[in-house]
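S.K.: build me a model:
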Amino acid sequence: MPTEIKTEKIDDLSRKLTEAESIYLADYTGLNVAGATELRRTLRQADVNYEVVKNRLAKLAVAKAGLQQLGDYLTGPTAMAFGLGDPIEPAKILQKFIDGGGKLVIKSGFVYGELLSPQQVEAIAKLPSKDELLSKLLGSIQSPLTGFAGVLNGLLRNLVGVVAAVQEQRSEAEGT
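M.R.: Numbering: from 1, shown residues only. Model prediction:
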């Protein structure tokens, strides 16, 4: 039977699991203190909780939260990243840390009720951010309109040029 402290830890972890928009599991074997501190700081800035968990307690917490499919990945040294905001941002930060030489191995991810493989987490991390996608969409919508406005402006400019030339011709014809 778990002690009161362990029960509180299970309840806290279960609450974090249910409140999180995204959950990422990683093996932190070989990660030094400086690297872990830097990773935690970067994740904290993005509103992501990073926590090293005991697998036995984590298995009880995922069962309590109804996320039993995560239980298969709770072997060996395990750290969890709980994304509270944008579900893609934690994956990007973790992947950037790994690409920068950080000793971290993604075990799995859980986003929008879907269990993700390490390859899927890596693919998600390489997607453009929501802001980038919105600006690309806005640019592609705005581009034809800008071009159309330019064409209309050019036509008006040409029309004014033609009217000015006709007026000049008439004034020369009247003058002679």
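S.K.: Ala58 contacts Ala79, doesn't it?
M.R.: No: contact between Ala58 and Ala79 fails when scored by Cβ atoms under 8 Å: they sit 10.2 Å apart. Every C-beta, even on glycine, is put in place using the N, C-alpha and C of the backbone.
S.K.: the two: which is more packed in?
M.R.: Ala58 (24 against 20; other Cβ atoms under 10 Å).
S.K.: burial check on the closest residue to that one other than its chain neighbours, number of neighbours?
M.R.: Spatial nearest neighbour of Ala58, chain neighbours left out: Leu74 (5.0 Å); criterion: Cβ to Cβ, 6 or more residues apart in numbering. Number of residues near Leu74 (other Cβ under 10 Å) recorded here: 20.
S.K.: how near is Leu74 to Leu25?
M.R.: The gap separating Leu74 from Leu25 is 7 Å, by Cβ to Cβ, to the nearest Å.
S.K.: what about the longest helix along the chain, average pLDDT?
M.R.: In the chain, ranked by residue count with DSSP state H as the criterion, the top helix is helix 130-175. The pLDDT scores in helix 130-175 average 79.
S.K.: next one: that helix to chain centre, how far?
M.R.: Averaging C-alpha positions (Cα atoms, centre = their mean, to the nearest Å) puts helix 130-175 40 Å from its chain's average.
S.K.: what is that helix packed up against?
M.R.: Judged by 3 or more Cβ pairs under 8 Å, 6 or more residues apart in numbering; DSSP states H and E, helix 130-175 has no packing partners among the helices and strands.
S.K.: which secondary structure element contains Ile5?
M.R.: Using DSSP states H and E, Ile5 sits within helix 4-19.
S.K.: can I see the domain layout of the protein?
M.R.: 4-127, 128-176 (automatic domain parsing).
S.K.: of these, flag the one that's most buried.
M.R.: Most buried of those by mean neighbour count (mean count of other Cβ atoms under 10 Å) is domain 4-127; its value is a mean of 17.
S.K.: first to last residue in that domain, what's the distance?
M.R.: 43 Å (Cα to Cα, to the nearest Å).
S.K.: the host helix or strand of Leu57 packs against which elements?
M.R.: According to DSSP H and E, Leu57 maps onto helix 55-65. Packing partners of helix 55-65 (3+ Cβ pairs under 8 Å, 6+ apart): helix 4-19, strand 78-83.
S.K.: name the residues that touch that helix?
M.R.: 2, 6, 9-11, 13-14, 17-18, 53, 68, 70-71, 74-76, 78, 80 (Cβ atoms under 8 Å, 6 or more residues apart in numbering).
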